[in-house]
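Novice: need a structure here:
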Amino acid sequence: MGKLTLPIGPQHPALKEPGNFELTVEGETVVDAKINIGYNHRGIEKACEERSYIQGIYLIERICGICSHAHTTCFCQAVEEIAGLEVPRRAQAIRVLIAELERIHSHLLWLGVAGHEIGFDTLLMYVWRDREIVMDILAMISGNRVNYGMNTIGGVRRDVDRGHIDKIKEALPILEKRTRYYLSLASEEATFIARTKGIGVLSQEMALRYGAVGPTARASGVDRDLRRDEPYALYGEIPFNVITTDTADIYGRTVVRVLELLECYQMIAYLIDHLPEGEIRVRAPRKIPRGEAVSRLEAPRGEDIHYVAANGTNRPERVRVRAPTLANWPSMAVMLLGRYIADVPITVAAIDPCFGCTDRSITIRGRDDDPGETLSWDRIRRYGITWYERKGVDFRKVRVNP
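Specialist: Residues are numbered from 1 along each chain as shown. Next up, the predicted model:
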């Protein structure tokens, strides 16, 4: 039987964002795989360098809608370290509260998508119904369902009151009961087990070799979680368990996320019962002194890293983001090998990929002997306008309603 190269993407109905998978198949079996990314660059890092730190927070928040709070927390922690700011304990607690609500939002979304990818759309509807409870709580606290706008340099922008806490306490038992049902479903439903057990296998050795992070790594027995290993905010004071399994497959990644949901409920319950009193932010200087810092935290998908370099002005000299998905892409090719083509969608979905989080740079290449040119923010903008003009779109004729 001959081999055939099967391209999937970058534009494909199964992909919500652009990515290219070059699969070499023999019959129905994948024997080789190449992952090509870089189709979704938005210039956020360069844009941050052209704006103030406060303006940059709102750009950083839009790296990913599902991990928006994680990214802004990571960015703010780096800036606060450079500026020598001590964030009030109540602000740290609120950051943790929003972070764990966001983790619930993210894991429930993933569980629904996983069900959809294997044809279990009833699970998608059930889980996304429950996700609405969490998003309503986030909207109640922050005013927004997705990009919450809670973080600022030196703390948080909004406080949590008694009414918020009461609503959270009402929601937690409901969410816990339904999550335990999903756990029993994952361990008993024959179709779900058949479509996830033994699929997308990533051994512990390979997870470590390729630097996998988050639930992807913990499902392969890698006992790592920055909330415990390098505590930030108030995580060092909140009891919780790091969830791992040794099945090393999609089933294990499901179990890890569902059990993490149960841990989230316990952490939030503990936190709101021990919420510190005091201020929610400290005054931050407009100009951040010269320095640099690397901030790390455990986003829903895994370890998030932000590097910030300050030059003494009100704008950062450099902003660099390493999102969790970028760390998980290298191991994807390993997970696909030896599996059927029909297993590819759920295998890709199992790492909870975010292409927009991942892509970070743009280079225009000319002749073979031309090394290329890194574009400034102004050049990127002009390049975009010129590109659309060649397509017949003249933005000078576009009217914007006041």
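
Novice: Export stretch 334-345 to PDB, keeping only CA atoms.
Specialist: C-alpha atoms of stretch 334-345 as PDB (Å, rounded to 0.1, in the frame of the first residue of the first chain):
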ATOM      1  CA  VAL A 334       4.100  12.200  18.300                       C
ATOM      2  CA  MET A 335       0.500  11.900  19.300                       C
ATOM      3  CA  LEU A 336      -0.700  11.600  15.700                       C
ATOM      4  CA  LEU A 337       1.600   8.800  14.700                       C
ATOM      5  CA  GLY A 338       0.100   5.300  14.300                       C
ATOM      6  CA  ARG A 339      -3.500   6.500  14.600                       C
ATOM      7  CA  TYR A 340      -6.300   6.700  12.100                       C
ATOM      8  CA  ILE A 341      -7.200   9.800  10.100                       C
ATOM      9  CA  ALA A 342     -10.500   9.900  12.000                       C
ATOM     10  CA  ASP A 343      -8.600  10.300  15.300                       C
ATOM     11  CA  VAL A 344      -6.800  13.500  14.100                       C
ATOM     12  CA  PRO A 345      -9.500  16.100  15.000                       C
END
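
Novice: Around Arg301, how many other residues sit close by?
Specialist: Applying other CB atoms under 10 Å, we find 28 residues neighbouring Arg301. Every residue, glycine included, has its C-beta placed from N, CA and C.

Novice: now it: how far from Lys16?
Specialist: Applying CB to CB, to the nearest Å, the value for Arg301 to Lys16 is 15 Å.

Novice: ok, now Ile385?
Specialist: Separation of Ile385 from Lys16 (CB to CB): 27 Å.

Novice: Please apply the same query to Ile54.
Specialist: Separation of Ile54 from Lys16 (CB to CB) stands at 31 Å.

Novice: Equivalent analysis for Asn147, please.
Specialist: As judged by CB to CB, Asn147 and Lys16 stand 18 Å apart.

Novice: These two: which has the busier surroundings?
Specialist: Asn147 (16 against 13).

Novice: List phi and psi for the more buried one.
Specialist: Reported as degrees, to the nearest 10, the phi and psi values for Asn147 are phi -90, psi 110.

Novice: Identify the residues contacting it.
Specialist: Counting by CB atoms under 8 Å, 6 or more residues apart in numbering, Asn147 makes contact with Tyr58, Glu61, Arg62, Gly65, Ser68.

Novice: Now go through those and say which are in helices.
Specialist: Counting by DSSP state H, the contacts of Asn147 place Tyr58, Ser68 in helices.

Novice: Let me have the contacts of Asn147 in TSV, extended by pLDDT.
Specialist: Formatted as TSV, these follow (pLDDT from 0 to 100):
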residue	pLDDT
Tyr58	91
Glu61	92
Arg62	88
Gly65	83
Ser68	91
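
Novice: Name only those of the contacts of Asn147 that count as buried.
Specialist: Glu61, Gly65, Ser68 (16 or more other CB atoms under 10 Å).

Novice: Which of these lies at the shortest distance from Glu317?
Specialist: Nearest to Glu317 among the buried ones among the contacts of Asn147: Glu61, at 20.7 Å, using CB to CB.

Novice: got the contact list for the spatially closest residue to that closest one that is not a sequence neighbour?
Specialist: In space, and not counting its chain neighbours, Glu61 is closest to Ser68: 4.5 Å by CB to CB, 6 or more residues apart in numbering. Listed by CB under 8 Å, 6+ apart, the contact partners of Ser68 are Glu61, Arg62, Glu102, Val146, Asn147, Tyr148.

Novice: Ser68 and Ala323, how far apart?
Specialist: 12 Å.

Novice: cool, Leu124 as well?
Specialist: Here Leu124 is placed at a distance of 25 Å from Ala323 (CB to CB).

Novice: go on, Ala91?
Specialist: Taking CB to CB, one finds Ala91 at 24 Å from Ala323.

Novice: Mean confidence (pLDDT) on stretch 260-270, please.
Specialist: Stretch 260-270 carries an average pLDDT of 95.

Novice: nope, stretch 309-317 is what I meant
Specialist: 93.
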